[in-house]
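J.: got a sequence here, can you model it:
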Amino acid sequence: MNAYDIDVSTWFSITLLSPLAGLPTHGLAVAAGDPSTMVHIFAAGMNTWNDGSIYHLAAVCSTLDISVLGQGIRHAKVVSSDNRKQTEELQLKVNELVATVREEEKTLGSMSSRVDELAEQWEDLTRSIEDTHSSVMKQMELVQQLEAQAAAFSAELAAREAAATAKCEELNRQLEYLQLRIDETEQLSQVASSRQQSASDDGDEDE
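T.: Next up, the predicted model:
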């Protein structure tokens, strides 16, 4: 039955959040209940054949069972309530997901900040190690220079000691020689004195 083949006296323009269970989505007349008290729902008006179309409710019989219409309306309310509940649950899940994402962003931000801090500490430690290594190398160079200077000084000191020892030995030999000369001079002096004394004694006797 085509919707436009029926002569009706009253049209109701309603927008359904969700089609009633068992009804086609578009374009056909549907009887609800007994044919003598049926209610036809037609898809017509704007946006026909698309979701969210405007549906026209037409009473095409002299007696209309309001209870059937009320049952359908209550069912539509239940469907609408279920849709609203599902929407609220979906919104809650979205909010939870957004909160989780924000927490993850905070965690990632904190981790990024911590990583930057650790990288800075590592750079400071690396610079400190390099400075310490450079200082140690300078100290090692200074120690090597001091060791070389000490070795040169020791060699020079040993040479000086050897020269001083040689000079002392030479002086000792000269002193010994002088002592011998002194002893020899004393002996000669004593001999000369004895001879003079003997000569003097001989002269006295001759007189």
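
J.: could I get the average pLDDT for stretch 153-172?
T.: Computed over stretch 153-172, the mean pLDDT rounds to 89.

J.: okay, that stretch in CSV with CA atoms only?
T.: C-alpha atoms of stretch 153-172 as CSV (Å, rounded to 0.1, in the frame of the first residue of the first chain):
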residue,chain,number,x,y,z
PHE,A,153,120.0,16.4,40.6
SER,A,154,120.9,13.0,42.0
ALA,A,155,123.3,12.4,39.2
GLU,A,156,124.8,15.8,39.6
LEU,A,157,125.1,15.3,43.4
ALA,A,158,126.8,11.9,42.8
ALA,A,159,129.2,13.5,40.5
ARG,A,160,129.9,16.3,43.0
GLU,A,161,130.4,13.7,45.7
ALA,A,162,132.8,11.8,43.6
ALA,A,163,134.8,14.9,42.7
ALA,A,164,134.8,15.9,46.4
THR,A,165,136.0,12.5,47.4
ALA,A,166,138.8,12.6,44.8
LYS,A,167,139.8,16.1,46.1
CYS,A,168,139.8,14.8,49.7
GLU,A,169,142.0,11.9,48.7
GLU,A,170,144.4,14.2,46.8
LEU,A,171,144.5,16.5,49.9
ASN,A,172,145.2,13.6,52.1
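
J.: tell me which element Val143 is part of?
T.: helix 66-206 (DSSP states H and E).

J.: by contact count, what packs against that helix?
T.: Helices and strands touching helix 66-206, by 3 or more CB pairs under 8 Å, 6 or more residues apart in numbering; DSSP states H and E, are strand 39-43. Every C-beta, even on glycine, is put in place using the N, C-alpha and C of the backbone.

J.: quick check: Arg173 vs Arg160, distance?
T.: 20 Å (CB to CB, to the nearest Å).
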